[in-house]
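K.L.:
Model the structure of this input:
(2 chains)
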Number of protein chains: 2
Amino acid sequence: MKTMVSLDEASGLMSETCHVTGIENIALMEALHRVLARDILAAENVPPFDRSPFDGYAMRAADLASASAEQPVTLSVIEEVPAGKIPERTVNPGQAAKIMTGSPIPPGADCVVKFERVSADGTHVTVPAPFQSGLNIIPAGEDIERGTVAAKKGTAIDPALIGLLASLGIAEIPVYVRPDVAILSTGDEIVSICADLPPGKIRNCNAYALGGALRAIGAVPVLLGIVRDEAEAIGSAIMEGLRDADMVITTGGVSVGDFDLVRDALQQIEADVLFWRVRAKPGSSVLAARKHGKMILCLSGSPGAAMVSFQLLAAPYIRRMSGRIRWRNEEIDVAIKEGFKKPSPRKRLVRGRLLIEEGRAVMAVTENQGNGVLSSFAGTNLLGVIPEGSGPVPPGTRIKAYVTQDVR
Amino acid sequence: MKTMVSLDEASGLMSETCHVTGIENIALMEALHRVLARDILAAENVPPFDRSPFDGYAMRAADLASASAEQPVTLSVIEEVPAGKIPERTVNPGQAAKIMTGSPIPPGADCVVKFERVSADGTHVTVPAPFQSGLNIIPAGEDIERGTVAAKKGTAIDPALIGLLASLGIAEIPVYVRPDVAILSTGDEIVSICADLPPGKIRNCNAYALGGALRAIGAVPVLLGIVRDEAEAIGSAIMEGLRDADMVITTGGVSVGDFDLVRDALQQIEADVLFWRVRAKPGSSVLAARKHGKMILCLSGSPGAAMVSFQLLAAPYIRRMSGRIRWRNEEIDVAIKEGFKKPSPRKRLVRGRLLIEEGRAVMAVTENQGNGVLSSFAGTNLLGVIPEGSGPVPPGTRIKAYVTQDVR
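P.N.:
Just a heads-up that it's a prediction; the model follows:
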């Protein structure tokens, strides 16, 4: 068993056991934030035909070469093409067709002149200037060209992509199944959130914070409840989770003092421990193990530490299981607004929010960064990284930060 | 009817008719991204008692004043307090209690010394240095203090807030009902996405792009389908939408050439038109009207223009209806990476993605910014603003941009 590994090493060890979930077909309208499970090739052009972006007259640019205010050119109007109708006639020399926004360009015509640039009666249109070929014609395939990849496998689907797929007539799409992730809370001190709080006990907030964090990245939390500090009970609850879910996350029982318990539980179920403890704070107490090709990630019972480990180790892993191309936490450079007073003998992760101030990326660190504290995570979207061995960090120092809201 | 108003004026006119939806109670685990409908006061401290962050011995700092490596102090261990158990005895002078991570501090003790700093046998602990009062004691209420506001009305709920509410024992919370927004597509050229595509027709992609965009901000799309270009049919479909939904969004029929149709429809149902057309591109063709105290927002039939108007006018309005405190589109300063070549006689909105490059906020503008184009919206989260009357914008120019992904 490796111990005190770096965060990168921990991620690397976990990623050796990462399967992508299965594929299911869903209705396009239900596809927001799901992950596309194959490339979508455009079978047709969008828009499907050359069309007009304005109301006007479709004509032949060659007819207009000599047109001027003094000697305008007059063309005969051969038909009117409203949007949704197909032109029935070809525009020949000396002719024009009245055309509406979105209408197909009639054969023969090669430009559209807006209403306000011409004068017209019911049968004729008079043009006082030359216009160039191609003017005001939106070519077929302007948005998506037939034969191109309209959307890539592994993309998280956003509203515009839903619209694009609709414009290709794709009413159902293949997406990766959302991974089921079981959550198990361990500890004699933990009680259900619905129960009264006896002295010395605390409520099972971890299962809720993690459940929300799982939903936020598109996974499905499966609540296994609370188990007492008994190796056998922990082991069999983990086995139950492994049977039904793609991954098991536990909280509690991984700090130096009480590690024996989780170790015994993992031994009893014959899981392979990949590592225990990482060189980072908070979140040093974390263990990953493997059983039946599935990941068991054991987080600290301290809510703040559990959230840090979740964002740095669990979230990228789960996005990868979900088939996402962009599964890593995005890294950005930010200036730490207020600085950070405590020295950091070990790599430190600080919670905060990204602000853009006068074009610069700034991280506003929240107060109260303790292991046990959840409130300082609320409303944040960054984990700033203060390197191992740093002294106090002065305000405005540039640091690296991970973006912890979902990467789309 | 006001016409060619500014975007701010348009928003202002709409906001005069904005009701917040009703309130419902939901299970905490279902609360992600919902909007809290009242302030949550902490009825208790979190954590509920002073506790130890480490495994160690709880003792009295006064006993240790004279301790040194040469003359260590030895205390008798009166009990062991595992996490989840309450201390049964008071620590008196000369005494200590063995204590585990998360255990309540026994009465009488005022500091905790880690295991690794002492030597101990079953009954005694020997301390080789003085330690200060308060050391390694996490005070009750470190995370949330009793009597404070733990969460504010109008906050969009994130995973950490779910955890916080769980730690307060709140299993059900009041949230604003998601607004129902009806979507109506108008136009003789529009066909269902499931149908074959006859010549001259295009598919109803707007309903899907807008449906996704509504879901992304927490609203519920109600699809009214497609109506032909007939004022009476449009009017009665809008009335149907108003009956069941909190707001109606239509697409098509608001450009200069075909405005008569929607105007007639709105006259027939006796809606008050607030404005028609705004001074911005794309998305100048947009109309807002009011009927029975509900908003009818009529967007362009061009998908790109409809998306711009949705983000700038509909999204803030709907977030406000949803009870959100932060309902406005966040505005940031960005450097436009590639510049923008075309001049902008009118205020121009360009689509792109926020990048942080060497600590600076940069906007990568996507290709193909046409009114009819959706593909250039996919994967973007900004609408950059090029001011009215601008010439070509050189690369690196600082501009204002609206954040179009959901503001949390």
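K.L.:
Check which helices and strands the helix or strand of chain A with the lowest mean pLDDT sits against.
P.N.:
Lowest by mean pLDDT, DSSP states H and E among the helices and strands of chain A is helix A:259-268, with a mean of 88. If you count contacts as 3 or more C-beta pairs under 8 Å, 6 or more residues apart in numbering or on different chains; DSSP states H and E, helix A:259-268 packs onto helix A:231-244, strand A:272-278, strand A:286-291. (C-beta placed from N, C-alpha, C; glycine too.)
K.L.:
Direction included, what does the second one pair up with?
P.N.:
Put plainly, it is strand A:272-278. With DSSP bridges as the criterion, the sheet partners recorded for strand A:272-278 are strand A:2-5 (parallel), strand A:286-291 (antiparallel).
K.L.:
Going by neighbour count, which residues in the shortest one are buried?
P.N.:
Neighbour-count burial for strand A:2-5 flags residue A:5 (criterion: 16 or more other C-beta atoms under 10 Å in any protein chain shown).
K.L.:
next one: stretch A:260-275
P.N.:
Within stretch A:260-275, the residues that qualify as buried are A:261, A:262, A:263, A:265, A:266, A:269, A:271, A:273, A:274, A:275, counting by 16+ other C-beta under 10 Å.
K.L.:
any idea how far the second one is from chain B?
P.N.:
Read it as residue A:262. Counting by C-beta to the nearest C-beta, to the nearest Å, the gap from residue A:262 to chain B is 13 Å.
K.L.:
How about that residue, nearest residue that isn't a chain neighbour?
P.N.:
The shortest distance from residue A:262 to any non-neighbouring residue, by C-beta to C-beta, 6 or more residues apart in numbering or on different chains, is to residue A:253 (4.2 Å).
K.L.:
remind me which residues of chain A are low pLDDT?
P.N.:
A:257-258, A:406-408 (pLDDT under 70).
K.L.:
Which stretches in the stretch 1-150 of chain A count as strands?
P.N.:
Ranges of strands within the stretch 1-150 of chain A are A:2-5, A:23-27, A:40-41, A:56-59, A:73-81, A:95-99, A:111-114, A:119-120, A:124-127, A:149-151, based on DSSP state E, counting those that start in this stretch.
K.L.:
what residues does the stretch 251-400 of chain A put near chain B?
P.N.:
Residues of the stretch 251-400 of chain A lying near chain B by C-beta under 8 Å from any C-beta of the partner chain: A:255-258, A:301-303, A:307, A:332-335, A:356, A:358-361, A:368, A:370-375, A:377-380, A:398.
K.L.:
so of those residues, which ones are in helices?
P.N.:
Secondary-structure check on these using DSSP state H: residues within helices are A:303, A:307.
K.L.:
of the residues of the stretch 251-400 of chain A next to chain B, buried ones?
P.N.:
Buried subset of these (neighbour count, 16+ other C-beta under 10 Å): A:255-258, A:301-303, A:307, A:332-335, A:356, A:360-361, A:370-375, A:377-380.
K.L.:
Could you break chain A into its assigned domains?
P.N.:
In the assignment given by automatic domain parsing, the structural domains of chain A cover A:2-22+A:178-321, A:24-46+A:142-176, A:56-127, A:331-402.
K.L.:
Just list the residues touching residue A:322, thanks.
P.N.:
With contact set as C-beta atoms under 8 Å, 6 or more residues apart in numbering or on different chains, residue A:322 has these partners: A:20, A:21, A:35, A:176, A:178, A:179, A:217, A:218, A:219.
K.L.:
quick one: terminal-to-terminal distance for stretch A:182-190?
P.N.:
End-to-end distance of stretch A:182-190: 17 Å, with C-alpha to C-alpha, to the nearest Å as the criterion.
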